[in-house]
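fold the stuff below for me.
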Amino acid sequence: MISMSQTVSESMTETKIEKRSDRLEFAGRILFLTEDTSLVRRQLEGEDLEEELARRLAAGELPLMSNISTDEITPGWVCFYYDETLGHYVYVGMRDAAVKKDEVKNGGFAVVVSGLSKGCGSSRETAPYAEKWAGIQLVIAQSIEKIYGQNSQNIGLLTSTDLGLIERIRGGEEISLSEFTKGLDPISRDIVEYGGLFNYNKARLAGQIAPPALDTPARPMTIVEKIIARHAFVRAGQLGVAAVKPGDALFAVADVRFSHEYVTPMAEALFKQALGIEARVTEPESVFAFRDHLTFLSKVMSPKHREMGLLEKADGLATTQENFTANQGIKLYGENPDGGSEAICHNAVVEDLALPGQIVIGTDSHTCMAGVLGCFAFGVGSTDMANAWYTKDIRIRVPETVRYVLKGKKRTDVAAKDVMLVILASDYMKTSKGIGKVLEFTGEDLKNWALDERATLTNMAVEAGGTTGIIEPDEVTLEYIVRTRDLDPEEVRKGFTYSDPDAEYAAVFEIDLDEIRPMVALPGDPRNGIPISSMEEEVRIDAAYGGSCTGGKMADMDMYAEVLQNALDQGKRVAPGVHLYLQFGSQKIKQYAREKGYLEIFERAGAELIDPSCGACINAGPGASQSAETVTVSAQNRNFPGRSGPGKLYLASPYVVAASAIAGKIVEPFEFLRQRAEELVGVR
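Numbers count the residues shown, from 1 in each chain. Presented below is the predicted three-dimensional model:
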């Protein structure tokens, strides 16, 4: 491993890296993002509402817009840019089409204010960059999502959850930099003080600053704490400390680093900007790249976006990634000659790359899916990845862990997706308490679940704002890895890590599986889950989508096939006027479905089969809605406004998606699980 201390250059030691000023002034307007988007429009059109809105906010009478996702800050098509152009398009994906191109940039705004969970969703660093390049200097929100907050720190965009700053800024007061560093760990504090991660690392290279030494004494630890402790970077050639505790700040060495074509070009630009045009990736054999997000973009891109030249820009991302990986000796999972991608990154990481006890980082929020193998896997931004390509290490503030104990036995018409929607709909998650936490899942029935079903839990931990999800490895984990990769079981078992019985948790929740019924998350947020049986009105659908990293696994194919075969046995097919899309998460999953005879079942039932790609989940492939009137039920992981097109998107399990496609409306899957009917009747 190459450490920072091994790469000090003469120019760095001779150049002192300056910190930010200790006193900051925010000379510009304040943009209040409110639930009432007409108020947003009035501000953008030039009306001076600042005094009125500040007064109403102070009186508790102004509902701020919550759950503003990175899809709303920079919709997928905006991410084809990765330079100052982003500033022209900030917030153009916002609900109700509340913001138009250049309105924020030309509005003279220096501060933006919003509600809970600012920056939820994708890890795309384009979101805070767009705000910064539109002139925003400070983001104030009632709570800030973990990855978005870290990305903001990395690029020098200030953030705060202190609404009391608003009146002080309006009064022309200079604000102390310490207001934006209080409560931060020492590394994050220094990054903010140096104006971003690259300046901080230049100061590290120059010997001006060093991370604090860890001296946490031995203590009972969770599985994630143990993994972090083993990977902690101490000094060149030395890894590992006796123990860590929540809040400890450190750099830890990653075992797997990966990115996809959406992000690789931006990370490469930052990499070369910081280290020079000839910079080399350290240990490229542990770095991977994926052409998996935009494979089918040409099938759904609108004429308007084509006229803007965005298809060529998107194709350019893939070309840039291909050239970079070839030059650096990085393995690229590319397009498949027979169609689509080799694999969605998250499916491939579980199938091919990650191992128990490792640290896995990727430039995608759903990197946490790999936690199903008992590794510490989490999403990072472009700047973090550019640094990690060179140093191999990643900064970590040891997260708290929330433990979910799954009691009882899951009904046979209930899937892991239903369980996760119940967890996400809890008050704990809806009030942002899950932000930054690790979600650790355990329970007797969990041992009976297929690895793919477990992966749905870890995959969707980020929908709670969590750092990751994790499940302790067991014999199911071992059998899966040995079978799929032909590895020595004893070597794999060496990475098995378990939480100590007396480890400390931020909270412990028991989930009674017996009480969970098929769920659906209403449009707008994955945390909008309710039992289907409690829906007040019938919801007719136009489309049903079974795919993405969450809904395109082998076990998901089993569920689609079971429902559709039973429908065929009853003489039923996909309802007239409904389009059912089934998309595979990898070529291995497609081959599995072929060997099981599922492809014939799917086609006879009337489904359209799609080769692997992220596709509809990011509005970049078949299954994405084309109009605001389109209603879709989907097995993907998130349904933020505009995420998969302008229509209304409901989230549900693979069972519900397939059953709803047959019924033409959102229904429980009971009717189409005929061989289980007798068992289910007694517990309905």
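
distance of residue 354 from residue 607?
Shown here: residue 354 relative to residue 607, a distance of 31 Å by Cβ to Cβ, to the nearest Å. Placement of C-beta: from N, CA and C, glycine included.

quick one, which of these two is more surrounded?
A direct count of neighbours by other Cβ atoms under 10 Å for residue 354 and residue 607 places residue 354 higher, at 29 against 24.

and that one, how close does it get to residue 337?
Counting by Cβ to Cβ, the gap from residue 354 to residue 337 is 26 Å.

what does residue 181 give?
In terms of Cβ to Cβ, residue 181 sits 52 Å off from residue 337.

higher neighbour count, these two?
When residue 181 and residue 337 are compared for neighbours, residue 181 comes out ahead with 19 against 5, by other Cβ under 10 Å.

just say helix, strand or coil for the residue lying closest to the more buried one once chain neighbours are set aside.
Excluding its sequence neighbours, the residue lying closest to residue 181 (Cβ to Cβ, 6 or more residues apart in numbering) is residue 189, at 4.3 Å. Put simply, residue 189 is helix when judged by DSSP: H, G, I helix; E, B strand; the rest coil.

ok, residue 189 - how many residues close by?
Using other Cβ under 10 Å, residue 189 is surrounded by 18 other residues.

likewise residue 219?
Residues lying near residue 219 (other Cβ under 10 Å) number 14.

so it makes contact with residue 241?
No. The pair residue 219 / residue 241 is not scored as a contact, 11.6 Å apart, by Cβ atoms under 8 Å.

wasn't residue 549 part of a strand?
No. Counting by three-state DSSP, residue 549 is not part of a strand but helix.

residues in contact with it?
344-347, 366, 369, 459, 585, 614, 617, 637 (Cβ atoms under 8 Å, 6 or more residues apart in numbering).

looking at these, which is nearest residue 103?
Using Cβ to Cβ, residue 617 is the member of the contacts of residue 549 that lies nearest residue 103, at 28.2 Å.

is it correct that that closest one falls within a helix?
Yes. According to three-state DSSP, residue 617 belongs to a helix.

for residue 599, see how far away it is.
From residue 617 to residue 599 the distance is 22 Å (Cβ to Cβ).

between these two, which one's more packed in?
More crowded of residue 617 and residue 599, by other Cβ under 10 Å: residue 617, with 31 against 18.

okay but the more buried one is in contact with residue 636, surely?
Yes. If you go by Cβ under 8 Å, residue 617 and residue 636 touch, sitting 4.4 Å apart.

number of nearby residues for residue 275?
The local packing of residue 275 (other Cβ under 10 Å) involves 18 other residues.

look up how far residue 402 lies from it.
Relative to residue 402, residue 275 is positioned 38 Å away (criterion: Cβ to Cβ).

same check on residue 169?
35 Å.

pick out the residue nearest the middle of the protein.
residue 365 (2.2 Å; Cα atoms, centre = their mean).

next, that one: phi, psi?
Per-residue torsions, residue 365: phi -60, psi -30 (degrees, to the nearest 10).

if I pick it, what's in contact with it?
121-123, 147, 379, 462.

do that again at 6 Å, thanks
122-123, 379, 462 (Cβ atoms under 6 Å, 6 or more residues apart in numbering).

one more: residue 40?
residue 98.

so which helix or strand takes in it?
Under the criterion of DSSP states H and E, residue 40 resides in helix 37-44.

again, but for residue 509
Take DSSP H and E as the rule and residue 509 turns out to sit in strand 507-512.

and that strand, what does it pack against?
If contacts are counted by 3 or more Cβ pairs under 6 Å, 6 or more residues apart in numbering; DSSP states H and E, strand 507-512 sits against strand 401-407.

could you give the separation of the strand it packs on from the chain centroid?
Put simply, strand 401-407 sits 21 Å off its chain's centre (Cα atoms, centre = their mean, to the nearest Å).

and the average pLDDT for it is what?
For strand 401-407, the mean per-residue pLDDT is 98.

ok, that strand: who's next to it in the sheet?
Using DSSP bridges, strand 401-407 pairs in its sheet with strand 438-442 (parallel), strand 507-512 (parallel).

can you pull the phi/psi pair for residue 259?
Residue 259 adopts backbone torsions of phi -150, psi 160, taken as degrees, to the nearest 10.

look up the closest residue to it, ignoring the ones flanking it.
Counting by Cβ to Cβ, 6+ apart, residue 259 lies nearest to residue 363, which is 4.2 Å off, once chain neighbours are set aside.

same check on residue 459?
residue 369 (3.9 Å).

can you pull out the helices in the stretch 551-684 of the chain?
Taking DSSP state H, counting those that start in this stretch as the criterion, the stretch 551-684 of the chain carries its helices at 554-569, 587-595, 598-605, 654-663, 677-681.

deepest of the ones you listed, which one?
Comparing the helices of the stretch 551-684 of the chain by mean neighbour count (mean count of other Cβ atoms under 10 Å), helix 654-663 ranks first with a mean of 30.

among the helices of the stretch 551-684 of the chain, which comes closest to residue 267?
Of all those, it is helix 587-595 that lies closest to residue 267, at 25.7 Å by Cβ to Cβ.

by how many degrees do that closest one and helix 554-569 diverge?
Our comparison of helix 587-595 with helix 554-569, counting by axes from the mean of the first three to the mean of the last three Cα atoms, to 10 degrees, yields an angle of 30 degrees.

what does helix 587-595 rub up against?
By Cβ under 6 Å, 6+ apart, the surrounding residues in contact with helix 587-595 are 336, 342, 351, 554, 557, 584, 599.

mind doing that once more with 10 Å?
Residues outside helix 587-595 that contact it (Cβ atoms under 10 Å, 6 or more residues apart in numbering): 333, 336, 338-344, 347-348, 351-352, 452, 484, 552-558, 560-561, 582-584, 586, 598-602, 609-612.

no further questions, thank you.
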